[in-house]
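A.B. asks: have a look at this fold, sequence not included:
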C-alpha cells in the first residue's frame, strides 16, 4: 500500500536509493500524446543532485529508459514503464550507520514497521525516490500543456528570508536563471548566500516552495473527500521533508473577516471571474478557473555534517557522524518535484471530470 | 468519485443539507467491537448547530438511526449503515438565491461542474455533510479507545487571537467547559467575546483548530504516497472551509537549522523516545510513538449577514442578501469534525499495519 | 472491504436480511439524468419474494426511499442514497438455528471469519442483500437506456431442462409473460412444472440465467486485468449461489478449432461487423460492438425443507430442520439481479472509456 | 485503469510483446520473506515459449532482473520491481499486418478504443504480458508456501479429450513429467498427439485448465462483492483466451437437487469438515478450509497458419496470412499462469483477513 498515486491518471513507483534502479509505471495517459523524451530528461536535470554549489555534490546521471507504452513517439494508452538506474549504488559504504538510527530520519520507524531495513542511504525513505515522480510528472505536464495548463513552482522562503512579493509581481522567466530557483534575482542572491553559509556551518536549513497553476478549467475536484486542494495537499505532504501546506489565503486567512475574505463574482466579457482570489482558485473543493496557488513548507534536511547522539538497534547510545555529501537546503531541488506532483493531480482530475454530466457521456 | 474515505476502515457518505437524510456506511470495522450508541449521540451533540450563542441558531436534532452491521450491541464485521434525517428540510425558502452564485461558496463551481445544482442551503457542499463524518468517526474512536489511543482537538486561534501555549501546558479537561472549546479559560473568554462582536457586526471570522493524538503505536503510515501525515492532511483539507494544514514544527520549522530541528533518540526504560518532537510524532511518513500534533486553518465562513454584489446563472449582476442563521465562526463546531477525521485515518492505518511483517501473517 | 462495486459508476451497499434496512449509495451517476422512481420500483417488483407460486411465499414490500442525490427529478452528480426497510424484521424466530451451521450456507464461514454472526436468516450472507443491487442497477439501466444499450436476462436452464435455442431465435417480449422468466412459452411451462414438483419434494434445484447486452459501443474494457468480461464475470460470481460464468463460446468453445472459432471481420455499410460471434462481443477484453452474451450457473438453494445433520458452534452433531418459506429454485428471481449487475458494469466502463484518447480530453 | 491486480498484496504490470521490456511492481509483500530468485526463474521457465514441440517455437529467454524491494535476500516491505527484457524485439517484421485486423484478435478493439495501436505482435494484448504475472505470482507462492498453502494447476481437457477423473484420483507429481502438463500419463499422451495433429493442420484448439488450492485457512473472502471465488473468477477471466470459469460443482451443479448438493458438516478430530465438497471450498464467498478447486476454459488460439479474410483500418477486405511461430494449443503454457493468478488472489485475501476481528487488532 502507498506506492500508487492517482485514480485515472496514476503512477506506481518502486526503488531504493541504493538498489539497482528506480521505476515508475504511468497508467491512464490518454492515447495519442506525443512523448518528448528530451523534455523528461530536462525535468530530471532540474531535480538531479550536483547541479550547483548549494546542492549535494553527489553525482547521479538520472538517465531514464522508457520500456513500454510509447510507439512511434506517441502514447498508446497502455502503461508507460520507465526506469532510472542508480549509478554506483554498490560503491558507497554505509556500514558505519547500518544499525544506528539517524535522528529525524526514517531509520527507526522503518525498522519498527518492517522489522528489517535497507540501511544504505535511507533505502525507500530517501528523497532519491522522487526521481521517479519527476519522470511521471513530466508525462502529466505534456498532457496539461496540450490543454494550455501551466504549472510554475519557485522558492519563496529560505530560513527567515522571505520573498516579500505576491506571485503576480514576479517574473517567472527568472526562476531558472539562478541556482536557488527564486524569481526575484536580488532575493535569490541572498538566499544563495544564506544556504552557502549554512553549508559552511555543516548545518542545514528549511524553506518554502510556492506554486501557481494557471489556466485550469472550471470544474476540477471531487468533493466531498477528494476536493482538489485536499488531493494537492496530500500530494505535497507526500514529498520528503514537507511539514505543511496552505492554499489561497492559507493560515493568514484565519485572521480575516468574511466580508474581506469573500471573492466577489464579476463578469469579464463572457467569463465569470472573481475580483480577489483568497479562495486560491478553488471553491467547495472544485476549481473556479482562477489561478490555483499554494505554499509548501520544507523542514531543514535531517542529515547534518555534525556528530549527533542517538541510539542503535540494540538500544545503546551511539554517535552518528555526519558524512557524505548532502543538501544544505532542499528547496531548490524540490521545485520540480512540487511541479511534478501538482501536474499529476491536475491531469488525474482532468480525466475524472470527463464523466460529470450526462451530456458528456 | 470522492465520497469514500479510507482503505480498510472506510466510510462512504451521501446527503445534502436540505435533502431527506444524510447517511454514512462504515466498512472494515473489526467484528466484536461494542457499539455505544450513546457515545455516537454525544459526538453528534458536539457538532450540532444551536448549541451556544456563538454558533448558528438553526435547530437540527441530528438523531442517528443505525440500520445494519450491529447485532446484540456489537459490530459484526459487515458494513454499518447509519442515517441522520434532516429536520424541516422542506420548510426553508431558498428561492431568493436559487439562481445566484453566493461569493466564496460552491454555487458557481457545482453549477459549472454538474450543469445542475441543489441550491437549497448549499446542497452537498454544505458543512451539514460533516454530520455523517462525525457518526463514522465515532465508530473509529471506539476502536481506538480499545487500543488506548486518544484524540483531542481544540480551538487554538480565532482571528488574531492566539492561544500562546504549547499543548503540553494545557488542561484538556477544560475544552468542553466553554462554548468555544479552547482549553485555556481566559483565552476562551476572549475568543467568545471576539466571535460575539463579529456576529453583532453581521460578519464572520476564521480560526485554527489544533489536534493531538496520544499513544499511537510505532509503525503507522504507508510511504511513499500514503504517508501518515499526508493522509491526515488530506482528511483535514477535505473539511469545509479549511485552507491549511501543518504538523510538528510546520511552517515555523522552515526557519530552523537542522541541528536545532533534529529530534535526538533517547532511551526511556525499554522505550525509544525522542528528546524533542519537532517531527510531530511522524518520521518518514510513519508514526514513531511520540505525540502526533497538527494545526488546521479555517477561513471565515462565506455566509455573512450583509448584502454582497455577485452574478446569477445568466451572468447578470445581482445582490446576494445575508439571510438565515449561520455560524459567525466555524471552529468551535469544527473541533469534533477534526477529531472524527483524525480517528478515521488512525483506525485505517492501524488495520493497514497488520500485514507489514511476515511474522504477523 | 468488499461492499463496493465499480470504479467510476459505483455502488456501496449495507444491510442484513433481518436488520432494520438495506441501503445502497450510488456514486458517479452523471448529473442531469431523469430518475424515474417508478422504474426502480418495477425492477424491485421483479426481484421481490412472493411474486408467484414457484418463489418463496415470504412477503417483503421492498419499498424504496431515495434520500439524496436527486433534485427536481434529476440526478445532481452527488451520491444517490436509497434505503429499503425490512418488513417485520423482528417477528421471525431464528432461535432454533442460532448456534447451528446450516449445510452449504455461510453460517460456519462467517462465524469463523468474524467470531460473531447475525444468525437471523443469513444476515449479510442472505440473498436479501441483492435488493440493494437491483435498486442501484436500476439507476445504471436508466443511464444505459439514454445510450440505447439494452440488457436482457432470462432463464435458459432449470435442472436438466435446457432451452434448446440460440438467443437470436427467442422472443424476449415473452420473458415477463411467465413466472419462470423463460422466453420460450413451452419450455417455460415445463420448467414451472419441474420447479413445482421439486418444491413438493421439499427440495430445491439449480438453473442457468443467460444474458444478452445489445448495442454496446466499441471500446469498453480495461485490459489487462479489468477486461470487460472479467468484470462481468466477477459481477455475476458475486451473486449468491452462482457457481460458474461463461461468455461467447464458453466451455463448449474449447472443443473447437481456431479456424472454426475465429470471427471474420466483414463490412456492413459503414460498420465493421463480424460474421460469427464466438467472441461474445468482446475481443482482447474490449467490446467490439457485437452482442455481448453470457451464461451464469446457479446451484440449488441450500435451504431445503428437510432435516439435515450438521454441527453447532460447539462442534456437536445437531439436526437442522427445514422451516420457513424459501425458493425451490432461485433463477426466476435472479433474472433482474443478473441484469442489474450487468448494467452496473457497462455503466462503469462507459464512463471509464471517456478518457482513452487524447482527442476526447 | 486495469493494470493493477489486488488490494493489499498487489501487482502492477507494464509492457508490450515487442517493446523494450515487460515489468511488474509487487506491492504489499510482507517484510522478511526470503526471496528465492531461482524459484522465480523456474516458474518463468514453465511459461516460456519454445519449451516443447507442442508450444510455439519462438525463443524468449525471459530472464528476470529484480530492481528493488529485496535486501540481503529478503523482502523489505517496499515494492519489488522486476523487469523482463524482450529479446530481439526489433528484429521481427510485422509490417505485413500493420493495418490489418486479425480475426478474433484485439487489433480492432484496441484501434477503436485508443485510436492508435502497437501492431507488433499484439502489443499489450499479447499473452506475452502474462510473463510479468508469473514473476509476481512466484513471489505470492513463496508467501503461501510459508503458510503451507499449495496451488496446483493442470490440463484436464484438450478439444473433446477430457481427463475423466476427479482431482483426488490424480498423482500431481506427474504433471511436470509430460509436455502437456496433464497428471494422467495416458491421457497426456493422447492430448499431445491431438495437439500435434492440430499443429500439422496449421490450426489451433482449445482446452481446460483445472486448479486445486490445498490447505487454505478458513475465513478468506470479502463478501458481498469481493467473494473469494468472484475474485478468483476475475483473475482467471483476465488471462488471455479465457472464456469461462466454474468452481466446485460448477455448471454441472445446476442439475442437482439441494438435498444432493448440500455439503454436510462433520467433525474430524478438532476440525470442522464437510462430507462432500460441491461448494468447492467456498461458502458465502469465504473459504471453509476444504480444497478450493475450479476449471478455466481456454478458446483455440486466434492465430492460425492459414489465410483468412478480414478488414484493414480503411475498411477494405484483405487477406491475413498465417505467419510466424504460434502455439497450437495454449493450455500447457497456461498452467503456471493460472497458478500465478490464483496465488496472487490467495495472498491478497490472506492479508485482508488480518483485520476481521477486534481481537486481532
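C.D. replies: That came through fine. Not measured: the values here are computed from a predicted model.

A.B. asks: tally of neighbours for whichever residue of the stretch 51-200 of chain A sits closest to chain B?
C.D. replies: Chain B sits closest to residue A:106 of the stretch 51-200 of chain A, with a gap of 2.2 Å, by CB to the nearest CB. Where you see a C-beta, it was placed from the backbone N, CA and C, and this is true even at glycine. Residue A:106 is flanked by 27 other residues according to other CB atoms under 10 Å in any protein chain shown.

A.B. asks: could I get the contacting residues of the closest residue in space to it that isn't next to it in sequence?
C.D. replies: Among residues not flanking residue A:106 along the chain, residue B:284 sits closest, at 2.2 Å (CB to CB, 6 or more residues apart in numbering or on different chains). Counting by CB atoms under 8 Å, 6 or more residues apart in numbering or on different chains, residue B:284 makes contact with A:105, A:106, A:109, A:110, A:125, B:221, B:223, B:227.

A.B. asks: mind checking which of these are buried?
C.D. replies: Taking 16 or more other CB atoms under 10 Å in any protein chain shown as the criterion, what is buried in the contacts of residue B:284 is A:105, A:106, A:109, A:110, A:125, B:221, B:223, B:227.

A.B. asks: so for stretch A:302-315, what gets flagged as buried?
C.D. replies: A:302, A:303, A:304, A:305, A:308, A:310, A:311, A:312, A:313.

A.B. asks: dump these to TSV, plus distance to residue C:144, secondary structure and pLDDT.
C.D. replies: What follows is these, written out as TSV (distance: CB to CB, whole Å; DSSP: H, G, I helix; E, B strand; the rest coil; pLDDT from 0 to 100):
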residue	distance to residue C:144	secondary structure	pLDDT
A:302	55	coil	95
A:303	57	coil	93
A:304	62	coil	94
A:305	65	coil	93
A:308	64	strand	95
A:310	62	strand	96
A:311	62	strand	96
A:312	63	strand	94
A:313	59	coil	93
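
A.B. asks: for the stretch 51-200 of chain A, what spans make up the helices?
C.D. replies: A:107-114, A:130-146, A:185-200 (DSSP state H, counting those that start in this stretch).

A.B. asks: would you turn those into JSON lines with mean pLDDT?
C.D. replies: Output for the helices of the stretch 51-200 of chain A, formatted as JSON lines (pLDDT from 0 to 100):
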{"stretch": "helix A:107-114", "mean pLDDT": "96"}
{"stretch": "helix A:130-146", "mean pLDDT": "98"}
{"stretch": "helix A:185-200", "mean pLDDT": "97"}
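
A.B. asks: nearest to residue B:137, out of those helices?
C.D. replies: Residue B:137 sits nearest to helix A:107-114 of all the helices of the stretch 51-200 of chain A, at 24.9 Å, using CB to CB.

A.B. asks: what packs against that closest one?
C.D. replies: strand B:286-287 (3 or more CB pairs under 8 Å, 6 or more residues apart in numbering or on different chains; DSSP states H and E).

A.B. asks: residues in contact with the strand it packs on?
C.D. replies: Against strand B:286-287 from outside (CB under 8 Å, 6+ apart): A:106, A:109-110, A:112-113, B:216-221, B:223, B:227-228, B:281, B:349.

A.B. asks: tell me the one among the residues you listed nearest to chain C.
C.D. replies: Nearest to chain C among the contacts of strand B:286-287, with distances taken as CB to the nearest CB, is residue B:349, at 15.2 Å.

A.B. asks: what angle do the helix or strand harbouring that closest one and helix B:185-200 make?
C.D. replies: Per DSSP states H and E, residue B:349 falls inside helix B:331-352. Per axes from the mean of the first three to the mean of the last three CA atoms, to 10 degrees, the angle that helix B:331-352 makes with helix B:185-200 is 120 degrees.

A.B. asks: looking at helix B:331-352 now, give me its mean pLDDT.
C.D. replies: If you average the pLDDT over helix B:331-352, you get 98.

A.B. asks: stretch A:49-62 too?
C.D. replies: 82.

A.B. asks: same question for stretch A:70-83.
C.D. replies: 97.

A.B. asks: of the helices of the stretch 51-200 of chain A, which is nearest residue A:30?
C.D. replies: helix A:130-146 (6.9 Å).

A.B. asks: anything in that closest one near chain D?
C.D. replies: No. Residues of helix A:130-146 are not located near chain D by CB under 8 Å from any CB of the partner chain, the shortest gap being 9.9 Å.

A.B. asks: is chain C within reach of that helix?
C.D. replies: Yes. Part of helix A:130-146 sits close enough to chain C to count as contact by CB under 8 Å from any CB, namely A:143, A:146.

A.B. asks: tell me what that helix is packed against?
C.D. replies: Counting by 3+ CB pairs under 8 Å, 6+ apart, helix A:130-146 packs on strand A:10-14, strand A:21-27, helix A:37-47, strand A:80-85, strand A:150-158, helix A:331-352.
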